[in-house]
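**Q** Sequence and predicted structure, then a few things I'm wondering about:
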Amino acid sequence: SGAFLGVINIVTVEGNNSIKATAGQAGRKELQGQFSLRSDRWQFDTFLSGYQDDGEDYLLDDKLKTVPTATSDPQSTENYAFRLGHRDTVVTVEHVNIESEDYYSVSAINNDLNEQRHFANFAAIEQGMQWGNLKSTVQLSYSENELNYTAQATNVGQLAAVSSPSSSEALVGDVLYQSHSWLLQWLNDWYIDDDNSLQFGVERQQEQLDTARVLANFDTQMLANRQFPITYSPAGDIYNKVVETGSRNIAGIYAQLQHRLNARTDITAGARYDDYEDFDGQFSMRFSVVRRLSEHDFLKVFYGEAFRAPSLNQMNVRETLTVARNPDLEAETIRTTELVWLSQQALYSFSVGAFYNVIDNSIESSGFLNGKRTNVNVDQEISNGLEFETSVQLDSYWLVRAGFTEFLKLPESSFRESERLFSLI
């Protein structure tokens, strides 16, 4: 959902007319426009964005070479979103397209070959209703995704002795993933009284993996199964599946109660259950307490649970001599606890918080099952740290925000991640 930034923008900042142009280092260029039209019954918002940069220069290790390789990471992004509303009916459409080239592709660098394209389309229609103190929304949405990348997998001449007809070309593959999903939601917000409100709803979703294939100049399936000699085609049109395609249905139900305990304390308690057609159901809960310490100071305590079921790509791995499907793969789960102090003044705010995360059954693709590479669940991992955030309203036109995160402990599987994060807006 995070890919649909235009929808987020026109929903949270609707009724805005603006154009923004940005230029920066590494040939960065960005143009954004947001436009709105209003009448008594109709509302139209649009968000248009284009981004391009030349990338930064790197000298990186490459599995196909014995010395570091010079490369860069140029990229471009297009994002278009449109939102049309008539009374309580809203239709939303969005397109996102991201393209990049050079840099790594399947752990190898080929500046003349490597390229990647990811696009996503999203459409939704929602109908709002109200019965007394109960507000309801019924929404039907459709999304489709496509990921296409080209990569070099072997050195030149590496397959000459085991191919037919013999070729000294490098193995080059064109990989394509295509998927789509439908989501039907019934969302409710019930104002009970001044001290209580209840949010609840149900969801039904269908996920479909339509295409997962590779076109290559060598038969990648024969190579994986060591069926020598492997077939070679100069046209690069040898077709093989990367994973098995398929679909699954998901149903979810949730409820959340917000309760004002007294003039200084608010409590929120919620629970959610998700049922997967091809996987075990999962129950998650959340709980938070907000205590007003003074007119401007608050103390927040939060506990929440979340999970991620294995994707269709991870569940439907295609078996070879070196790759195995893991039928015992379990869902990733995370339990988060946070303690935050917030001071909110007229022109500035400041917060400091501590977080502690427990991650169970994290899914890794680097495991082995009976000597074959497979997806596995790893043991429990811990992450914790501190967060600092501040914002200052300089005047009517200028707002400055800054944030800093210090990880005191990172999960072992996140050894590539930064221990310190900083942002300034």
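**A** Noted; the coordinates are in hand. Numbers count the residues shown, from 1 in each chain.
**Q** Ramachandran angles for Gln25?
**A** Backbone torsions for Gln25, taken as degrees, to the nearest 10, come to phi -70, psi 170.
**Q** what does Glu305 give?
**A** Note on Glu305: backbone dihedrals following degrees, to the nearest 10 are phi -130, psi 150.
**Q** What about it, how many residues nearby?
**A** 17 (other Cβ atoms under 10 Å). All C-beta spots, glycine's among them, are computed from the backbone N, C-alpha and C.
**Q** Likewise for Leu223?
**A** The criterion is other Cβ under 10 Å. On that basis, Leu223 has 23 neighbouring residues.
**Q** residues contacting it?
**A** With contacts taken as Cβ atoms under 8 Å, 6 or more residues apart in numbering, Leu223 has the following neighbours: Leu159, Leu171, Ile230.
**Q** Tell me the one of these nearest Asp45?
**A** Of all these, Asp45 sits closest to Leu171, with 47.7 Å by Cβ to Cβ.
**Q** quick revisit: pick the one among the contacts of Leu223 closest to Glu305.
**A** For the contacts of Leu223, the residue nearest Glu305 by Cβ to Cβ is Leu171; the value is 43.7 Å.
**Q** correct me, but the closest one touches Thr154?
**A** Yes - the pair Leu171 / Thr154 is scored as a contact, 4.2 Å apart, by Cβ atoms under 8 Å.
**Q** returning to that earlier point: return the subset of the contacts of Leu223 lying in helices.
**A** Secondary structure from DSSP state H places none of those in helices.
**Q** need these in CSV with distance to Arg87 and neighbour count, can you?
**A** As requested, these are exported to CSV (distance: Cβ to Cβ, whole Å; neighbours: other Cβ atoms under 10 Å):
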residue, distance to Arg87, neighbour count
Leu159, 64, 23
Leu171, 58, 23
Ile230, 62, 20
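**Q** now, which of these sits nearest Arg335?
**A** Leu171 (43.3 Å).
**Q** Not counting its own residues, what contacts the helix or strand that contains Ser351?
**A** Under the assignment given by DSSP states H and E, the secondary-structure element containing Ser351 is strand 348-360. Contacts of strand 348-360 from elsewhere in the structure, counted by Cβ under 8 Å, 6+ apart, are 300, 332-343, 380-393, 411.
**Q** Separate out the buried members of the residues you listed.
**A** Judged by neighbour count, with 16 or more other Cβ atoms under 10 Å as the criterion, the buried members of the contacts of strand 348-360 are 300, 332-334, 336, 338, 340, 342, 381, 383, 385, 387, 389, 391, 411.
**Q** Mind checking which of these are in strands?
**A** Within the buried ones among the contacts of strand 348-360, membership in strands is found for 300, 332-334, 336, 338, 340, 342, 381, 383, 385, 387, 389, 391, as judged by DSSP state E.
**Q** Out of those, which comes closest to Val202?
**A** Checking these against Val202 by Cβ to Cβ gives Thr333 as the nearest, at 22.1 Å.
**Q** what about the residue nearest to Ser18 when sequence neighbours are not counted, neighbour count?
**A** In space, not counting the residues next to it along the chain, Ser18 is nearest to Gln34; the distance is 5.2 Å by Cβ to Cβ, 6 or more residues apart in numbering. Counted with other Cβ under 10 Å, residues neighbouring Gln34 total 21.
**Q** Leu223: which element?
**A** Assigned by DSSP H and E, Leu223 falls in helix 220-224.
**Q** contacts for stretch 401-415?
**A** Applying Cβ under 8 Å, 6+ apart, the set of residues contacting stretch 401-415 is 359, 362, 364, 378, 381-391, 417-425.
**Q** make it 6 Å
**A** Contacts of stretch 401-415 from elsewhere in the structure, counted by Cβ atoms under 6 Å, 6 or more residues apart in numbering, are 359, 362, 381-391, 419-425.
**Q** just stretch 95-103 next, same as before
**A** Applying Cβ under 6 Å, 6+ apart, the external contacts of stretch 95-103 come out as 3, 71-80, 111, 114-121.
**Q** run the last query once more with 8 Å
**A** In this structure, residues lying in contact with stretch 95-103 by Cβ under 8 Å, 6+ apart are 3-6, 55, 58, 71-81, 109, 111, 114-122.
**Q** now stretch 194-211
**A** Identification of contacts with stretch 194-211 by Cβ under 8 Å, 6+ apart yields 176-192, 243, 245-260, 270, 312-313, 316.
**Q** Apply 6 Å and report the result again.
**A** Under the contact criterion Cβ under 6 Å, 6+ apart, stretch 194-211 has outside partners 176, 178-191, 245-260, 312.
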